[in-house]
Structure formats: structure tokens, C-alpha cells
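would you be able to build a 3D model of this:
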Amino acid sequence: MLFCKQLAIFALYNVYMRIVFSAVFLVFTFLTFAQKPVAEKPKERKSLIKSAEQKAKEKAQKAPITSYKIYTLERDTTFVDTSLTIKKEYDYNYLRKDNFGLLPFFNEGQTYNTLQYSLNQFSPFPEFGYKAKHFDYLEANEIKYYSAATPLTELYFKTVMQQGQSLDAFITMNTSERFNFSIAYKGLRSLGKYINQLSSSGNFRFTASYNSKTQRYIANAHFAGQDILNGENGGITTIADFESKDENFTERQRLEIYLKDAETFLKGNRYFIDHQFRVNPDKKENNLYIAHQFTYENKYFEYYQPTVLSTVGTKQFNRFGPSYVSSLINDQVKYNRMYNKIGAIYENTTLGKFQFFTEDFRYNYYYNKVYIYADRIIPSQLNDVIHTVGGQYEYQKNNWKAKLLYSNSITDQDLTNIDGKVTYNYNDKNKITFGYQKMNKLPNQIYNLHQSSYINYVWANNFKNEKINNITVNAETQWANAELQVSSYNDFLYFSDDSTNDSIQLVSPKQYGKSIKYLSLKVNKEIKFWKLGLDNTLLYQKTDQSENILNVPDFVTRNTLYFSDYFFKKALYLQTGVTFNYFTKYYANDYNPVTAEFFIQQKKQIGDFANFDFFVNARIRQTRIFVKAEHFNAAWAPTNNFYSAPNYPYRDFLIRFGLVWNFFQ
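Below is the predicted model of the structure:
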């Protein structure tokens with residue numbers, strides 16, 4: 001026993017030293033290249049001396065960091081930030097944002113299980129569905145626009161699980177003070193460590209921004225072309241082989257899986273413009289604007305499975321029940337939508353902005369066949385035209401900021417949206433925001449129509465609208481940050497499994513006729529002492545429902561203890577520490593690849609496992625280097641009890657590294 005403990009300590013020591021040596025190697029490499037080359041001795045001394053006028057001129061030509069602006073469709077503006085903080089550590093992932101409340105699947109570029117339900121955002125219009133494939137699909141309100149004094153480039157690189165890499169690069173420049181464009185592409189390829197777990201994706205974005213000399217006309221436009229391909233193995237078949245820590249299954253490709261050649265593919269293109277024109281030539285106390293927003297987007301989803309039968313040991317069966325074909329399942333669905341919003345805005349510098357608008361929403365959702373049964377007909381398509389009218393009020397003065405919106409359909413569909421938000425800035429360190437939303441939401445397309453080569457995955461429904469009420473309070477203070485949400489959901493739509501056999505999934509949509517109450521409270525506090533920092537985030541959730549429909553863990557926590565300091569005459573800023581992630585056990589939603597949706601289940605609980613990450617990050621000028629040992633405590637855990645969903649193991653111990661590099665030209 002003593003020998004085993006010594007062996008384990010020695011192994012951990014080796015891992016730790018590998019991480020440190022890797023970080024030091026990267027740091028010294030960048031330090032070497034960051035040094036200025038020794039200049040050749042000039043023939044004349046005059047060339048060594050610059051006049052005070054020349055130095056002042058060069059200094060004036062260097063644009064301040066506030067000249068590099070990033071803003072959203074809502075005109076929220078930030079500046080390019082090359083600092084290294086603990087938030088940058090949280091943002092350094094495939095989604096390029098803090099993914100607290102999301103539980104990733106094993107391979108990079110796959111889907112996420114949602115631990116924090118309040119992260120979900122809703123639109124009153126019917127959406128495509130297949131939500132499990134949309135975590136990395138950038139929506140129109142997630143596209144960023146830029147204004148840069150000089151050309152700006154950012155490169156993101158990170159290693160993946162096996163055979164591949166993750167890269168995100170963009171360049172933006174202003175051809176003049178009034179016109180900016182940017183080009184960006186995020187690409188990923190990762191084979192993964194389990195059979196049939198390949199991830200391959202690409203997100204191309206092109207943006208353009210223009211404003212006239214007097215700000216009379218302002219326009220933001222973008223094109224986004226995105227595709228996401230995933231191998232779908234259906235999860236591992238024998239949980240005991242994974243949990244036993246048997247050395248024969250340390251090589252994860254030895255674990256048996258349900259689907260050996262199934263794939264899902266999501267592709268979409270979007271054309272978008274948002275612009276407004278001021279009627280009066282000069283901006284005065286009272287102004288009148290004409291505003292217009294246009295979106296055209298098409299999407300395509302495919303589920304492809306050449307081998308229909310699943311083999312587990314000596315048994316063969318259909319994982320998703322009986323099928324119409326014996327091989328080469330190829331389910332395809334297409335979707336396109338066009339959205340126009342036209343409005344008139346009256347602005348009074350004292351009273352605020354009053355907008356009146358009308359919306360036109362048209363969609364086509366279609367397959368290539370019609371199913372005819374003795375008692376029903378499954379159509380090949382859904383399409384509709386929805387018209388709404390509404391108003392919006394915006395106010396911003398002194399410490400107050402408010403935005404209130406109301407819209408209602410004037411066509412046959414019953415659609416309503418009331419959304420309000422009021423913010424009070426007490427000072428630079430303290431701010432509180434109150435929000436309220438009441439929505440009558442049309443069902444997503446996949447709930448009302450789905451076709452497949454699997455018999456049980458063919459349906460046509462006419463579900464009621466979902467009724468959603470949200471009350472939110474966000475407080476950002478010098479003592480702590482807190483987010484409270486109280487929600488109620490009526491006629492809640494969800495997926496569930498109708499099968500009584502654990503090896504077979506017969507997933508179909510349902511509507512819950514009763515009310516669901518949901519409460520979430522998230523608190524964040526960072527404590528700093530000397531060169532140490534302790535960042536804590538705690539989430540508490542509670543539901544009130546007659547049946548277990550909306551399932552979430554009671555507690556989710558993330559705690560990071562880190563050290564940071566300057567080295568090498570402040571040429572290097574180093575940050576190193578340990579992050580602890582944990583959530584309590586609960587009946588997590590399972591994943592179904594045929595529908596690319598999560599569904600509720602009451603057979604297996606996941607959670608109650610500790611996840612420790614060790615990281616060493618460094619910044620040299622505008623370059624940030626990241627090295628991380630993910631889930632390093634998995635090596636000595638007595639059993640493998642970590643999952644992202646039933647039958648889908650969470651990530652093993654893995655060392656990954658990469659960088660984010662900004663170029664200011």
C-alpha cells in the first residue's frame with residue numbers, strides 16, 4: 001500500500017513538472033521573440049538622436065486603447081482588452097465566453113448539458129429547433145461590430161482532445177472614420193478519444209458598419225455562414241466498464257458504443273442589416289428617425305446513419321426503435337425565414353425615444369415527402385406569415401436607463417411579448433437592474449412536425465403556445481454580484497422517452513398542462529489579498545411542479561484560488577491557480593441525436609463529482625498564453641462517476657494549451 005501511494009505521488013509530481021516546464025518553455029520562447037533586436041551602429045550620431053518634436057509626433061500617432069471599440073446591435077460598447085484576469089481564464093474555451101452553468105460533452109465542439117436553466121433565452125416567434133446543435137451557432141444579436149483606429153487582428157488557438165486544433169481569427173479595419181469592416185473565421189477539428197466522436201465546425205462572419213458625417217444615417221450589416229458536423233456514438237453501452245477503472249478501458253476507444261457511423265450536420269447562412277435614417281438634417285432637441293431591420297436566414301439539418309443496427313456484445317437491435325429502411329438512414333429538413341421590422345422613432349433629448357413599429361415574419365419548414373397513414377397524414381411542410389405591431393420606449397439620463405417593449409400579433413396567431421428593463425447606476429461600482437418579461441411563445445417547428453426513417457420519430461402536432469413569465473433582479477456592487485430570477489412556465493414543451501427498455505430511445509414531444517415555478521439565485525464574489533485571489537460563484541435553483549419535468553441541480557459552484565504577479569522587470573505577467581467545479585446530483589436530461597434535442601429521464605442521476613483544473617497563464621505585451629491540466633483529480637478518483645449526460649462520460653484528465661494574440665498595426 002505504501003509503495004502504491006509513493007507511486008501515485010511520483011506520477012502526480014511528474015504531471016505537475018510537465019505542466020510547469022511546458023509553461024516555462026512557452027514563456028521563454030515568447031520572451032525571446034519579444035526582445036527588440038540590437039540595432040546596427042549608425043555611421044552618423046545624428047541618426048541616434050530624435051528631436052523632442054519627432055517623439056511627440058510619434059506618440060500622438062499611437063492610438064489609445066479607447067480608439068478600438070467593440071459594440072453590439074443594442075449599441076452596448078466595450079473596448080479591446082488585452083489584460084489577463086480571471087475572467088479571461090473563464091472565457092478561454094470553444095464558445096469564447098464564460099460557460100458557467102453549461103456542462104460540456106467529452107469532445108470539443110459537441111453539445112452541452114444545461115445546468116443553469118435561466119441561461120435559456122426565448123423568442124416569441126417559432127424557431128427551427130434542434131437546439132442541442134446551436135450552442136456554437138452565432139445568432140444575429142451575438143455578432144459584434146467594430147470601430148478601430150488602425151487595423152486590429154486577434155488570433156485564438158487551443159489544442160483539442162486528439163488529432164486536431166481549435167482556431168478563431170479575425171481582422172478589422174476602418175477604411176475611413178465612417179466605414180469599418182471585419183472578417184472572422186472560427187474553425188475546429190477534433191477526433192476525440194471515443195469511437196465516432198469527430199467534431200468539425202466552421203463559423204465565418206463578415207461585418208460592415210457605416211455612419212454618415214453628421215450621423216444622419218447609421219447602418220450595421222453582416223453575413224454569417226456556419227456549419228457544425230458531429231459524429232454521434234449514442235453514448236457508451238456498458239457503464240460498468242467505464243466506472244470500474246479497469247486498465248483495459250483506459251484507452252477509451254475500447255469502450256463499446258451504440259452508434260459506430262452516425263452523424264449530424266447543421267448548416268446555416270444569414271444575411272442581416274440594421275439601419276436608421278434621421279429625417280431632420282441636423283440633430284436637435286426633437287428628432288425623427290426611420291428605422292429598418294432585415295434578416296434572411298436558411299438552415300439545413302441532416303441525421304445520417306449508414307448502419308441501422310446497434311451491436312452490444314452478441315445482441316443486435318435498433319437503438320431508436322423500428323425503421324422504414326434497413327440501412328443508409330438519411331433524414332433531412334430545411335428551414336428558411338425572412339424578417340422585416342420597420343419603425344418610426346421620435347426622440348426628445350429630455351423625455352427619451354418613442355418607437356412605433358411593425359414586424360413581418362415569414363418562414364418555410366419542409367421535408368421532401370408526405371406520410372399517409374390510415375388515421376392521419378403527416379404533411380411535408382409548415383409555413384406561415386406573422387404580422388405584429390408594437391412600441392418601444394428608451395430612456396437614458398443621469399443614473400437611469402430604461403427600455404420597455406410591447407408587441408402583439410395582428411394576424412391569426414396568438415403572439416404577445418412584453419419586455420422591460422430598468423437600470424439604476426448608483427455610482428461606478430454599484431448598479432442594479434430590474435427586468436420583467438411576459439411572453440406568449442409559438443412552439444418551435446420540431447415540436448409540431450418531424451419526419452424520420454425511424455417509425456416512432458414521425459409526428460405532426462398542433463401544440464398550444466408556451467406562456468412564460470420572468471422577473472429578474474441583477475445587482476453589481478462593490479461587495480458582490482447577484483442575479484435573481486423568478487419564473488413561471490405554462491404549457492411547457494419538452495421531449496421525453498416512451499421506451500421501457502434502457503437500450504432503446506423512443507423520444508417524442510409532450511406538453512405539460514400544469515404550471516412550473518422556477519427560482520434561481522447566483523452570487524459571485526472575488527476576494528483579493530496580497531498577490532492571491534479567490535473567485536467564488538454559487539448558483540442555487542429550485543422548482544415547484546407536480547411532476548419532474550424541468551430538472552436542474554440544486555447547487556452549482558465554481559471556486560478559483562490563484563496567484564498572480566509580474567516577473568522579468570514586468571515584461572511577464574503570470575497567473576496560476578486551481579479551479580474547483582461541482583454540482584449536486586440530479587436527473588439530468590439525456591441527449592438524442594436523431595432530433596438533436598435533450599429529453600427528460602428519471603432513470604439515472606449524474607453529478608456529485610469534484611472537478612479540479614490547474615492552470616498557468618501568462619501575458620507578454622498583447623499575447624496571452626494559457627496552459628491547463630483539466631480534471632486532473634480524475635487520475636486518483638476511486639471510481640469513474642463523472643458524466644455529462646447518462647451514458648455520456650465527462651472529460652478525462654487532459655493537458656491543453658494555447659494563446660490569444662492581438663496585433664495593433
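
which residue ranges of this structure form helices?
Along the chain, counting by DSSP state H, helices occupy 2-34, 52-61, 86-91, 239-243, 445-448.

for the second one, what does the pLDDT average out to?
This means helix 52-61. The average of the pLDDT scores along helix 52-61 is 46.

how about stretch 157-173?
Summarised as a single mean, pLDDT over stretch 157-173 is 95.

endpoints of that stretch, how far apart?
22 Å (C-alpha to C-alpha, to the nearest Å).

how about stretch 372-390?
So stretch 372-390: terminal residues 41 Å apart, C-alpha to C-alpha.

go on, stretch 246-253?
By C-alpha to C-alpha, one end of stretch 246-253 lies 13 Å from the other end.

what does it rub up against?
193, 194, 195, 241, 242, 254, 255, 652 (C-beta atoms under 8 Å, 6 or more residues apart in numbering). Quick note: C-beta positions are derived from backbone N, CA and C, even for glycine.

quick one: buried residues of stretch 335-351?
Neighbour-count burial for stretch 335-351 flags 335, 336, 337, 338, 339, 341, 343, 345, 347 (criterion: 16 or more other C-beta atoms under 10 Å).

which of those lies closest to residue 109?
Nearest to residue 109 among the buried residues of stretch 335-351: residue 335, at 22.2 Å, using C-beta to C-beta.

re the thing from before, out of the buried residues of stretch 335-351, which sit inside strands?
335, 336, 337, 338, 339, 341, 343, 345, 347 (DSSP state E).

need those in CSV (columns: pLDDT).
Output for those, formatted as CSV (pLDDT from 0 to 100):
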residue, pLDDT
335, 97
336, 97
337, 97
338, 98
339, 98
341, 97
343, 97
345, 97
347, 95
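
could the residues you listed go into a markdown table alongside distance to residue 162?
Formatted as a markdown table, those follow (distance: C-beta to C-beta, whole Å):
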| residue | distance to residue 162 |
| --- | --- |
| 335 | 33 |
| 336 | 37 |
| 337 | 37 |
| 338 | 42 |
| 339 | 41 |
| 341 | 45 |
| 343 | 51 |
| 345 | 53 |
| 347 | 56 |
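
biggest separation within the buried residues of stretch 335-351, which pair?
335 and 347 (37.0 Å).

wait, what's in contact with residue 417?
For residue 417, counting by C-beta under 8 Å, 6+ apart, the contacting residues are 124, 390, 405, 406, 407, 408, 437, 438, 439, 440.

let's see 7 Å
By C-beta atoms under 7 Å, 6 or more residues apart in numbering, the residues touching residue 417 are 124, 405, 407, 439.

identify the bridge partners of the third one.
According to DSSP bridges, residue 390, residue 417 are recorded as the beta-bridge partners of residue 407.

wait, doesn't it sit right on residue 390?
Yes: look at residue 407 against residue 390 with C-beta atoms under 7 Å: they come within range, at 3.1 Å.

now, among the ones in strands among the buried residues of stretch 335-351, which is nearest to residue 64?
Proximity of those to residue 64 (C-beta to C-beta) peaks at residue 347, which lies at 29.9 Å.

how close does that closest one get to residue 178?
21 Å (C-beta to C-beta, to the nearest Å).

repeat that for residue 190.
41 Å.

who's in contact with residue 146?
Here residue 146 is in contact with 69, 70, 172, 180, 182 (C-beta under 7 Å, 6+ apart).

highest neighbour count among those residues?
residue 172 (23 neighbours; other C-beta atoms under 10 Å).

spatially nearest residue to that one (excluding sequence neighbours)?
Spatial nearest neighbour of residue 172, excluding adjacent residues (C-beta to C-beta, 6 or more residues apart in numbering): residue 182 at 3.6 Å.

quick one: contacts for the one you found?
Here residue 182 is in contact with 146, 170, 171, 172, 207 (criterion: C-beta under 7 Å, 6+ apart).

ok, the second one touching residue 155?
No: between residue 170 and residue 155 no contact is recorded; they are 8.6 Å apart, counting by C-beta under 7 Å.

so which of the contacts of residue 417 is the most crowded?
residue 124 (24 neighbours).

distance of the spatially closest residue to that residue that is not a sequence neighbour from residue 356?
Spatially, and ignoring its direct neighbours in sequence, residue 124 is nearest to residue 417 (4.4 Å; C-beta to C-beta, 6+ apart). For residue 417, the distance to residue 356 equals 15 Å [C-beta to C-beta].

one more: residue 603?
52 Å.

between those two, who's got more neighbours?
For residue 603 and residue 356, the more surrounded residue by other C-beta under 10 Å is residue 356, and the numbers stand at 13 against 9.

and stretch 397-406, average pLDDT?
Here stretch 397-406 scores 94 as its mean pLDDT.

and it, what's buried?
Buried residues in stretch 397-406, defined by neighbour count with 16+ other C-beta under 10 Å: 401, 402, 403, 404, 405.

partner residues bridging the closest residue in space to residue 421 that isn't next to it in sequence?
Spatial nearest neighbour of residue 421, excluding adjacent residues (C-beta to C-beta, 6+ apart): residue 435 at 4.5 Å. In this entry, residue 435 is beta-bridged to residue 421, residue 472, by DSSP bridges.

returning to what we had before: just the ones in strands from the contacts of residue 417, please.
Using DSSP E, 405, 407, 439 are the members of the contacts of residue 417 that sit in strands.

make a markdown table from those and add distance to residue 236 to it.
Formatted as a markdown table, the ones in strands among the contacts of residue 417 follow (distance: C-beta to C-beta, whole Å):
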| residue | distance to residue 236 |
| --- | --- |
| 405 | 46 |
| 407 | 46 |
| 439 | 39 |
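
closest to residue 262 out of the residues you listed?
Distances from residue 262 to the ones in strands among the contacts of residue 417, taken by C-beta to C-beta, are shortest for residue 439, at 35.3 Å.

apart from its chain neighbours, what residue comes closest to the closest one?
Nearest one to residue 439, counting by C-beta to C-beta, 6+ apart, is residue 468 at 4.4 Å.

start and end of stretch 448-457, how far apart?
End-to-end for stretch 448-457, by C-alpha to C-alpha: 12 Å.

list the contacts of it.
With C-beta under 7 Å, 6+ apart as the test, stretch 448-457 has contacts from 320-325, 329, 331, 365, 367, 369, 371, 378-379, 382, 458-463, 506, 508, 594-595.

show me the contacts for residue 283.
Contacts of residue 283 by C-beta under 7 Å, 6+ apart are residue 215.

do the same with residue 507
With C-beta under 7 Å, 6+ apart, residue 507 has these contacts: 495, 497, 592, 595, 599.

can you flag the buried ones in the residues you listed?
Listed as buried from the contacts of residue 507 are 495, 497, 592, 595, 599; burial here means 16+ other C-beta under 10 Å.

okay, those residues in JSON lines with pLDDT next?
Shown next, in JSON lines, are the buried ones among the contacts of residue 507 (pLDDT from 0 to 100):
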{"residue": "495", "pLDDT": "97"}
{"residue": "497", "pLDDT": "96"}
{"residue": "592", "pLDDT": "97"}
{"residue": "595", "pLDDT": "97"}
{"residue": "599", "pLDDT": "97"}
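
ok, so of those residues, who is nearest residue 665?
For these, the nearest to residue 665 is residue 595 (46.8 Å; C-beta to C-beta).

so what's that closest one up against?
Residue 595 makes contacts with 130, 446, 450, 495, 507, as judged by C-beta under 7 Å, 6+ apart.

read off the pLDDT value for residue 31.
At residue 31, the predicted lDDT confidence score is 38.

burial of residue 566, as a residue count?
The number of residues packed near residue 566 is 12, by other C-beta under 10 Å.
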